[in-house]
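Colleague: I would like the atomic coordinates for the input below:
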Amino acid sequence: MEIEFDVQIKARDLYDYMLRHTYSSVSGIMGTMVGILLIANFFMNGPFISVILGFIIIAYLPWTLLLKAQRQIAGNPAFQKPLHFKMTDEGVEISQGDAVQQQAWQDMYKAVSTRNSIILYTSKINASVFPKRDLEGKIPAIIEMISTHMPPKKVNIKA
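Modeller: Presented below is the predicted three-dimensional model:
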């Protein structure tokens, strides 16, 4: 079986990946918890500054991730052209122009999904992002391909 598709990564796709990646980590969760605790402190007769700090802490991370995604899209020539993906029984081939990279299934770290994307991690921090809008009805086949070639404990994709 072979599945081929092109994706054009936009700032919102990179932002979606960054949000998912950050808020599934300890630091992202802890930052949010600190913000919530500061707001809760205000409602338990704490100082007004605690509610302000709580909202700043909660809003800071998503805002900075949005700005970072926009900068990366604007400043990285690789994001200016579509990426071509070919999934086979051996792995995933990624190409853009003359550059081709092959990743074997056994080297994949994990696969997850968000409302807008399927994310195939090639390491703890690197991933291929497949915006669902670019997958043209191929989502079920892509999910099946990933699920067939990766251990179930590494796959957390909801269609």
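Colleague: Spatially nearest residue to D89 (excluding sequence neighbours)?
Modeller: In space, and not counting its chain neighbours, D89 is closest to M1: 6.6 Å by Cβ to Cβ, 6 or more residues apart in numbering. Where C-beta positions appear, they are placed from N, C-alpha and C, glycine not excepted.
Colleague: need the contact list for the residue nearest the centre of the chain.
Modeller: In the chain, the centroid-proximal residue (Cα atoms, centre = their mean) is Y17; its distance is 2.0 Å. In this structure, Y17 makes contact with 114, 117, 119, 127, 129, judged by Cβ atoms under 8 Å, 6 or more residues apart in numbering.
Colleague: Let's see that with 7 Å instead.
Modeller: Contacts for Y17 (Cβ atoms under 7 Å, 6 or more residues apart in numbering) come out as 117, 119, 127, 129.
Colleague: any idea how far it is from L120?
Modeller: Here Y17 is placed at a distance of 11 Å from L120 (Cβ to Cβ, to the nearest Å).
Colleague: which residues do the two both contact?
Modeller: Taking Cβ under 7 Å, 6+ apart as the contact rule, Y17 and L120 both touch A127.
Colleague: tell me, how many neighbours does F55 end up with?
Modeller: For F55, the count of nearby residues is 14 (other Cβ atoms under 10 Å).
Colleague: From here on, call the first residue 721.
Modeller: Sure, I'll start counting at 721 from here, so that last one is F775.
Colleague: give me the element it is part of.
Modeller: Assigned by DSSP states H and E, F775 falls within helix 768-795.
Colleague: Mind splitting this structure into its structural domains?
Modeller: According to automatic domain parsing, the chain is divided into the following domains: 723-729+799-876, 733-795.
Colleague: got JSON lines for these, with mean pLDDT too?
Modeller: Converted to JSON lines, the domains of the chain look like this (pLDDT from 0 to 100):
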{"stretch": "domain 723-729+799-876", "mean pLDDT": "94"}
{"stretch": "domain 733-795", "mean pLDDT": "93"}
